[in-house]
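J.: Sequence and predicted structure are below.
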Amino acid sequence: MMPPLRIGVTGATGFIGQHLIRQALEMGYTVRAMVRTPSKLAGFTHDNLEIHAAGLGGSDTDFCSGCDAIIHLAGLIKAKSRAEFEAVNVLAAENLAKAAQDSGVPRFILASSMTARAPHLSDYAASKHGGEESVKQAYKGALSIVRAPAVFGPGDEATAPFMDLILKGLLPTAGGRRWRDRKLALVAVEDIARDILTRGLSGDYDGRTVSPCNVGAVSWPEFGVMASRAAGRRVRVIPIPLSIIYPISAVTSVTSRLLNMGHLTLGKLREFLYEDWSSADVIQDAPPMEDRLRETLSHHITRKH
């Protein structure tokens with residue numbers, strides 16, 4: 001009997017990472033998880049779980065040695081400057097890819113962001129695009145790039161405020177011209193994790209850039225209808241005037257650079273205002289979007305109480 005595949009996973013304590021390693025262990029993989037703080041995985045106990053206590057760049061070659069695939073999930077989504085983004089999302093990704101290449105790892109899956117398709121929008125988007133290009137140069141094996149769309153699911157701190165508002169019947173979005181026409185793709189964390197572990201590791205992603213999603217192109221009014229059905233009450237979509245949002249984003253851009261505080265920078269606002277974050281890579285066997293959203297809302301209610 002063949003031994004289980006050993007997969008190296010960075011970003012194992014992150015939102016997608018925790019879901020992915022749990023599913024991977026359930027599927028019979030051996031998981032080598034790179035974690036700077038092993039105590040964050042104290043709840044995960046499994047004979048096939050190997051903890052590699054280091055950060056990116058600490059001992060990449062040791063981490064990659066003996067792995068059948070690397071799934072690189074780690075990255076910065078918030079930083080004070082473009083240089084900080086690039087240090088992790090470009091240079092660290094490149095070094096890990098080089099280590100995988102030198103160690104003879106046959107498959108590398110890079111988790112990127114859909115924002116990489118428009119690198120001019122923000123420092124974050126530019127760094128994700130740069131990371132993709134650097135990894136392509138450094139790694140010559142079976143490479144796939146997963147540009148994640150908007151990810152949601154139980155336990156996600158980033159979308160928790162939105163879940164609060166949906167439960168109150170409100171769904172704010174950035175206004176401006178043609179705000180109703182903006183399209184976005186959405187994916188549940190359970191489903192993107194499973195897709196990476198199945199289609200990604202089986203080779204379906206090889207040589208491709210994909211954005212797995214539950215729904216490929218939904219407008220804000222359409223999302224409001226989905227949210228209403230999932231919440232069991234009317235959810236009103238409220239476009240916030242740009243005359244209000246721009247000053248807030250300008251201030252946040254300053255506090256972000258000085259104190260690393262705040263999320264809605266001018267760059268992030270440009271991402272929100274981009275007209276087309278759609279994807280054709282719909283996961284065929286995923287549960288309906290409304291079911292996943294209902295699960296997330298139910299978990300959010302339980303967690304609050």
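T.: That came through fine.

J.: Excluding chain neighbours, what is closest to Gly55?
T.: Excluding the flanking residues, the one nearest Gly55 by CB to CB, 6 or more residues apart in numbering is Arg36, at 4.4 Å. C-beta: built from backbone N, CA, C; applies to glycine.

J.: which residues are contacting stretch 266-280?
T.: With CB atoms under 8 Å, 6 or more residues apart in numbering as the contact definition, stretch 266-280 has outside contacts at 114-115, 118, 121-125, 149-150, 173-174, 176, 178, 181-185, 211-213, 216-217, 245-246, 249-250, 252-253.

J.: ok, back up a step: neighbours around the residue nearest to Gly55, how many?
T.: Number of residues near Arg36 (other CB atoms under 10 Å) recorded here: 13.

J.: that older thread, show me which of the contacts of stretch 266-280 are buried.
T.: The neighbour-count criterion (16 or more other CB atoms under 10 Å) marks 114-115, 118, 121-125, 149-150, 173-174, 176, 182-185, 211-213, 216-217, 245, 249, 252-253 among the contacts of stretch 266-280 as buried.

J.: In strands only, show me those residues.
T.: Residues of those located in strands (DSSP state E): 150, 173-174, 183-185, 216-217.

J.: re the thing from before, list the residues that contact the residue nearest to Gly55.
T.: So Arg36 contacts 53-55 (CB under 8 Å, 6+ apart).

J.: Could you dump those into a markdown table with neighbour count added?
T.: Converted to a markdown table, the contacts of Arg36 look like this (neighbours: other CB atoms under 10 Å):
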| residue | neighbour count |
| --- | --- |
| Ala53 | 12 |
| Ala54 | 16 |
| Gly55 | 15 |
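
J.: ok so, going back, mind pulling up the phi and psi values for the residue nearest to Gly55?
T.: phi -70, psi -30 (degrees, to the nearest 10).

J.: The one 3 residues further on now?
T.: As for Ser39, its main-chain torsions (degrees, to the nearest 10) stand at phi -60, psi -20.

J.: shouldn't Ala93 be in contact with Leu73?
T.: No: the criterion here is CB atoms under 8 Å, and Ala93 misses it with Leu73 at 10.7 Å.

J.: Settle it for me: which of those two has more neighbours?
T.: Per other CB under 10 Å, whichever of Ala93 and Leu73 has more neighbours is Ala93, with 28 against 23.

J.: Could you pull up the residues touching the residue lying closest to that one once chain neighbours are set aside?
T.: Distances taken as CB to CB, 6+ apart place Gly131 nearest to Ala93, at 4.3 Å, with adjacent residues excluded. Listed by CB under 8 Å, 6+ apart, the contact set of Gly131 reads 75, 89-90, 93-94, 110, 112, 116.
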